[in-house]
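> here is a sequence together with a model predicted from it:
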Amino acid sequence: MSKLLLNLRNVPDDEADDVRAMLDEHRIAFYETTPSRWGISSGGIWVTDDAAIVEAKRLMAIYQAQRQTRVRAEYDAARRAGTAETFWTVLRAEPARVALTVLGILFMLALVALPIILLRG
């Protein structure tokens, strides 16, 4: 029975590529499911052999620890250099997206507050 190794929701392409390469390198059989058209499922990388799932999870833990260290170092370097993404850089680059996001948040807060407002009046 296949076991899910990596849910691909919000996984960057380079990370998914690294995981595929790692599994190929260690000759662990796997297959990949694609995301659904409507976003209900996000796809995943599945290990086909039950005996290999333990080894795959061990390798995945090592990979994730190494990736975490590398990505944090890259972010710290970008922050020191002043090139890290901040709210203000996103606002300057994509003001419409930020404005729509803020409006969406305000709309959701209004929906949550609506029953309280209606019960008071």
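Perfect, I can see it now.

> where in the chain is pLDDT low?
Filtered on pLDDT under 70, the chain yields the residue ranges 121.

> list the contacts of the closest residue to residue 16 other than its chain neighbours.
Spatial nearest neighbour of residue 16, chain neighbours left out: residue 8 (6.1 Å); criterion: Cβ to Cβ, 6 or more residues apart in numbering. C-beta here means a position set from N, CA and C on the backbone, and glycine is covered the same way. Contacts for residue 8 were tallied using Cβ atoms under 8 Å, 6 or more residues apart in numbering; they are 16, 32, 35, 42-45.

> out of these, which sit inside strands?
Those of the contacts of residue 8 mapping onto strands are 32, 44-45, per DSSP state E.

> which ones are touching the spatially closest residue to residue 41 that is not a sequence neighbour?
Of all residues not flanking residue 41 in the chain, residue 35 sits nearest, at 6.4 Å (Cβ to Cβ, 6+ apart). Counting by Cβ under 8 Å, 6+ apart, residue 35 makes contact with 8, 41-43.

> please check these and keep the buried ones.
Buried members of the contacts of residue 35, counted by 16 or more other Cβ atoms under 10 Å: 8, 43.
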